[in-house]
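1. Below are the sequence and a predicted model; questions follow.
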Amino acid sequence: MDIERLQRVNETLSMLPEEALAKTPLRRIELLAIVPSERLDDIAARHTHNLPGPVRNLLGGIGATERRGAALASYLLFEGGYTRELMALGQRDTYARRADVLEFFEA
């Protein structure tokens, strides 16, 4: 289940009266979403030079190696530098929300 669907289910459940909630197997699920503080296509644009030549040429032909078109490249990039930068971003973003993370797991 993705985040949007989970939010819709939670919202729907919040509208049900208590007697209806008692009859359904569905339960509200708490969610903590940590979203990237930097656009992934901006990061991808910094790493498109590491793609194999034919892929880089294909993406360049459709403008996907430039900042404004790098969203497509972000789906194709799995080279080390890009993934390391994504992991570092995830770590920074998680540490920035440390209190929220601790509260979420203590609940």
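-> On my side now, so go ahead. Residues are numbered from 1 along each chain as shown.
2. drop to CA atoms for contacts and neighbour counts, all remaining ones
-> Noted.
3. For stretch 20-34, give me every contacting residue.
-> Counting by Cα atoms under 8 Å, 6 or more residues apart in numbering, the neighbours of stretch 20-34 from elsewhere in the structure are 6, 9-10, 13, 93-94, 97, 100-101, 104.
4. what do you get if the cut-off is 7 Å, keeping everything else the same?
-> 10, 13, 94, 104 (Cα atoms under 7 Å, 6 or more residues apart in numbering).
5. Between these, which sits nearest H47?
-> Lowest distance from H47 to these (Cα to Cα) belongs to T94, with 22.9 Å.
6. Tell me the secondary structure of that closest one, please.
-> Using DSSP: H, G, I helix; E, B strand; the rest coil, the three-state assignment for T94 comes out as helix.
7. what do you get for S37?
-> Three states are possible here, and by three-state DSSP the one that applies to S37 is coil.
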